[in-house]
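Undergrad: Next come a sequence and a model predicted from it.
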Amino acid sequence: GFAGVTIDMSKFRGAVETSIEAALDREIAIDGPVYLEFSNWPAIDIGDVTLANAENTSAPNMLEAGMVRLQVGLLPILKGEIEIAEVTMENVTLNLETNVDGKGNWHFKQGNDLNKEKAVDEVAKPDSDMPVTEKKKLISFAGVHEIALKNISVNYLDKALNKSLQFQLDSLVGEASGDAPMKMEMSGHVQDKTYDLIFSGGSVDDLLNKQKPWSFTVDGEVISREVNASGDMLMRGETPEINLALGIKQVDVGAVLEALGLVEGMQASLGDMAIEVTVNGSSLKEILENSTMLFNVNEADWKVAVPNSTAFIEITDMSGNVLVEKGNAVTMAMDGKLKDIPVKLFITGAPMVDYVSKPDSIPLTIDAEMLDSRLSFASTLKLPVTDKDLKMSLKVESKRLDRLNKLLKLDLPAMGPVTLTSKLNINNAGYDMPQLDLLIGKSDLKGKMHLNTSAAKPELDIELVSNLIRLEDFDSLRTDKEKEQRK
C-alpha cells in the first residue's frame, strides 16, 4: 500500500494556493517545499507560507510561517467529522488588527460561509427525512490530538486607539480533543517579562456549545510571580464575555505601570492581590470601555519620591481595592500607615481606555486622611507621570495644626481649625504657592509662598496679608497650663 509513503508535492503549489485562496478569499503564497505523507492519517508539510492581510490593514501579511504541518484522519471524515491528529507551526509571525469600527482582520469574507451553508442545505433537502437541526451538522469538528507551536510572534494593533501590543509565544504544546478536557502548556515573554502557564479547560464540544459558559483554569508564573486563575467564557451574540478570578503574589506595580508608559520612577510592591474581571469586547478599545475589574490588595508598600530631593514618602501595610467600572474613572481606596500613623487614601483617575490611548494629559485627584486632617491634591498630569514640573491645586484641612507634629517632626502651635488652599507648582527650583489662602479659625490670610530647594540651603519666602486677624484664633486651643508655660 501507500501507507508511510511521502511524496514531494511542490510542483502542485499553485493548486494548493488556489484552493486555500478560494476558501479564505485571501492571497496565499507558498515559497517552500510541500510534502504529502500517505496513511490513514495523511499529513501535509508546507514551508515558507504567507497569508495576505485584509484590505486597509497596516501589515501586508496576516500570517508568515516558516513551517506548517497538518495531519487529518480519513476515517473520521467518512463519518462526517474533521479530526486532526497534529497541528505543528514554527517560526510564525501573526499580525492581528482591529479597524476603527472594531472589526478584526481574522474575520474572513462571509460570502463563502453563506455559499457553504447553501451547499449543506442542498445536500439535506427540506423534503428529506433528516431533522432540520441536523442539516448543518453533516461535517463537525472533532478536535485536535496534538498541538505544537514554536517561536510564535504575535503583533496586535487597535486602530481606534492607535495602540499596538506585542508578545512572544516561545512554546505551546497541548491537546484539544472533541470530548476530552483541553490542556495547553505555554511559555514566552511580553517585551522582557516572562510567563510560563498551564491552561486547562472543558472539551472542544463544550467550547462550541455557545448556549452555556465554558470553564477554564490558568496556573503558573508571570514575571516570576505565582498566578492562579479560574473563569468561564460565554458568547454574547458574536462578542465573547470572559469572567475571570485570579490571585497574584508580590506584584511590582511600579514596574508594570512604567512598562505601560504611565509613570516613571515609581516604587510600589504588593503582597497578595486578588482580581475579579469581566471582559467584554472584540477589540482592545471595546474591552477597555466595556469591562469591569476589581483588584483587592493586601500588605502593599508604596514609595513615592519627594520632588527635588532624594527622600521618599513610604506608605506601608496598605490594603483596599482598585475599581475599574465600565466607562467610569479608575478609583482606588486604601488604608495604610505613614510612619506608623494610620492613613486613608482615595485616588481617582481617568477611565481605563484613556490611559491606553495615551492622551496629552489625564485627570488625577488624591485625598489623604490622617491625624484629624485631610490633604487633597487635584491636577491634570502629562503622561508618563513624573515628580518633575507638576502643577496642581492643594487643599489642607486640619482640626488642630499640632496634630501633624508627630508626622512632620515639628512643634506646630495648637491652632485650629485650619484650612489652606493654593495652587502648587513643583519644578527644579522648588515649590511655589502663588495663590495661597489660609484660614485659621476666623482669621483670613492671603499671600504666596516659595521654597527654593535649588540653593545650597533651602530658602523659604512667605508673604501674607490679612483683612481680619483674631489673636484668640492663634492661642485659643491651648490649655491654661500650656499658656502659663509660654509666658
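TA: Ah, there it is.
Undergrad: Quick check: the gap between Glu459 and Asp389.
TA: Here Glu459 is placed at a distance of 20 Å from Asp389 (C-beta to C-beta, to the nearest Å). Heads up, the C-betas are built off the backbone N, CA and C, glycines and all.
Undergrad: Over to Leu424?
TA: 12 Å.
Undergrad: Comparing those two, which residue is more hemmed in?
TA: Counting neighbours by other C-beta atoms under 10 Å for Leu424 and for Asp389 shows that Leu424 has the greater number, 19 against 12.
Undergrad: Show the pLDDT at that one.
TA: Model confidence at Leu424, given as pLDDT, is 92.
Undergrad: Let me see the ranges of the strands in the stretch 151-300 of the chain.
TA: With strands called from DSSP state E, counting those that start in this stretch, the stretch 151-300 of the chain shows them at 163-177, 182-190, 193-201, 214-222, 225-236, 239-249, 267-269, 272-280, 292-305.
Undergrad: Check the model's average confidence along the second one for me.
TA: Spelled out, that is strand 182-190. 95.
Undergrad: what does it rub up against?
TA: 147, 152, 166-176, 194-204, 207, 216 (C-beta atoms under 8 Å, 6 or more residues apart in numbering).
Undergrad: filter those residues to the buried ones?
TA: Neighbour counting over the contacts of strand 182-190 (16 or more other C-beta atoms under 10 Å) leaves 147, 152, 169, 172, 174, 176, 195-197, 199-204, 207, 216 as the buried ones.
Undergrad: what does stretch 42-60 contact?
TA: 9, 16, 24, 26-37, 61-72, 74, 85-86, 95, 97, 99, 105, 107, 155, 157, 159.
Undergrad: Flag every buried residue along stretch 90-97.
TA: By 16+ other C-beta under 10 Å, the buried positions in stretch 90-97 come out as Val92, Thr93, Leu94, Asn95, Leu96, Glu97.
Undergrad: what about dumping the CA coordinates of it to CSV?
TA: Backbone C-alpha positions of stretch 90-97 (Å, rounded to 0.1, in the frame of the first residue of the first chain) are rendered in CSV as follows:
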residue,chain,number,x,y,z
GLU,A,90,7.2,27.0,13.7
ASN,A,91,8.7,30.4,13.2
VAL,A,92,5.4,32.3,12.8
THR,A,93,4.6,36.0,12.8
LEU,A,94,0.9,36.7,13.3
ASN,A,95,-0.3,40.2,12.7
LEU,A,96,-3.7,40.9,14.2
GLU,A,97,-5.6,44.2,13.8
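Undergrad: any idea how far that stretch is from the chain center?
TA: Using C-alpha atoms, centre = their mean, to the nearest Å, the distance from the centre of stretch 90-97 to the centre of the chain it belongs to is 21 Å.
Undergrad: measure Val72 to Ile44 for me?
TA: From Val72 across to Ile44, the span is 8 Å (C-beta to C-beta).
Undergrad: on that earlier part again, tell me which of the strands of the stretch 151-300 of the chain lies nearest to Ile313.
TA: Closest approach to Ile313 among the strands of the stretch 151-300 of the chain is made by strand 292-305 (4.7 Å; C-beta to C-beta).
Undergrad: Can you list the neighbours in contact with stretch 369-376?
TA: Where contact means C-beta under 8 Å, 6+ apart, the residues beyond stretch 369-376 that reach it are 338, 341-344, 346, 365-368, 394-400, 403-404, 406-407.
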